[in-house]
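K.L.:
Would you be able to build a 3D model of this:
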Amino acid sequence: MNQKEYWNKKALDFPRYDKNKDGFQQKIIKLLKDENIINDKTSVLDIGCGTGVYTIPLAKECGNITALDISSKMLEHLEEDSWNYNVNTKIQTRCSNWKEFKSTEKYDLVLATLSAAFSDEQDFEKILHYSKKNVCFIDFVDTKGSNFEELLYNTYGIEKAIFKDLENKKKWLEHKNIEFKTTPLTNTYSKLIEIDEAIYKIKEILKSSQENIILSEEEIRIVLNPLRVGNKINYVINMKLELLHWRTTS
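P.N.:
As a prediction, the model looks like this:
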């Protein structure tokens, strides 16, 4: 399965923007306003935008947004929701990975939220080319802790995955002698999911872990019993994040 197929599959149950549950997004927007990063004329390049969880609320505050993602299915959800929230005229979608992306435009803000689009120094260098004023990354700090990982750790001693993307970006900025600012953030996301989706998530965690533990679906069902709510499973993600910001000159 290639990257496009993987993210198209993920799009089936990927979170979508909900104005009734956008407290964390509004916290991000307030930070961007307080730092004079965005206003109603700001042009934004949103890299790895997904279904538009951040794109749509940003579009309400900014001039225009180019929403970039490798997944056509994610962008379909974004386009549908942008119509529902009456910001469709402010958002232009582009289906591409970051390496292949090309544009004659430069942007006031280049933004990436929890994006897997960057893999090497060339990807970072490309950001400098497209940014006129500001760059912001929102990334995990150390680990992304879900109650599924906690359950597996307590039951089998499986360690949580450690994220190093943010530290790699900081090292690159220090190497380039670029000053940056970080702001700590926390967010909790929860929802009730079907048992089949929960089993799939547990299998993905096991697959990515260093321990060689294989569980049958029946064994996973037993492990998940403490998280049952009726015929569904309570899935909770506790996120420790940082907003990484630096200013550029075109």
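K.L.:
so who does the spatially most central residue of the chain touch?
P.N.:
Centroid-nearest residue in the chain: Leu114, 3.0 Å away (criterion: Cα atoms, centre = their mean). Contacts for Leu114 (Cβ atoms under 8 Å, 6 or more residues apart in numbering) come out as 48, 138-140, 241. The C-beta positions use only the backbone N, C-alpha and C, and glycine is treated the same way.
K.L.:
List the strands paired with the least confident helix or strand in the chain by mean pLDDT, with their directions.
P.N.:
Sorting the helices and strands of the chain by mean pLDDT, DSSP states H and E puts strand 162-163 at the bottom, at a mean of 70. In the sheet, strand 162-163 lines up against strand 131-146 (antiparallel) (DSSP bridges).
K.L.:
Pull out the buried positions in the partner strand.
P.N.:
By neighbour count on 16 or more other Cβ atoms under 10 Å, the buried set for strand 131-146 is 131, 133-141, 144-146.
K.L.:
Go through those and name the one nearest Tyr6.
P.N.:
Of all the buried residues of strand 131-146, Tyr6 sits closest to Lys144, with 17.6 Å by Cβ to Cβ.
K.L.:
so what pLDDT did the closest one get?
P.N.:
For Lys144, the model assigns a pLDDT of 65.
K.L.:
How about the secondary structure of the residue sitting furthest away from the middle of the chain?
P.N.:
Within the chain, the residue lying farthest from the chain centre (Cα atoms, centre = their mean) is Glu218, at 31.5 Å. Assigned with DSSP: H, G, I helix; E, B strand; the rest coil, Glu218 falls in the helix class.
K.L.:
pLDDT wise, what is the residue nearest to the centre of the chain at?
P.N.:
Looking at Leu114, the pLDDT reads 84.
K.L.:
and what of Asp22?
P.N.:
At Asp22, pLDDT is 88.
K.L.:
Now do the helix or strand containing Glu174: distance to the chain's middle.
P.N.:
Using DSSP states H and E, Glu174 maps to helix 165-175. Centroid separation between helix 165-175 and its chain, computed with Cα atoms, centre = their mean, to the nearest Å, is 18 Å.
K.L.:
Check stretch 134-148 too.
P.N.:
Worked out by Cα atoms, centre = their mean, stretch 134-148 lies 8 Å from the chain centre.
K.L.:
Contacts for the helix or strand hosting Lys30, please.
P.N.:
Element membership of Lys30 [criterion: DSSP H and E] is helix 23-34. Here helix 23-34 makes contact (Cβ under 8 Å, 6+ apart) with 17, 38-39, 53-54, 57-58, 61, 109, 113, 136, 138, 183, 185, 187, 243.
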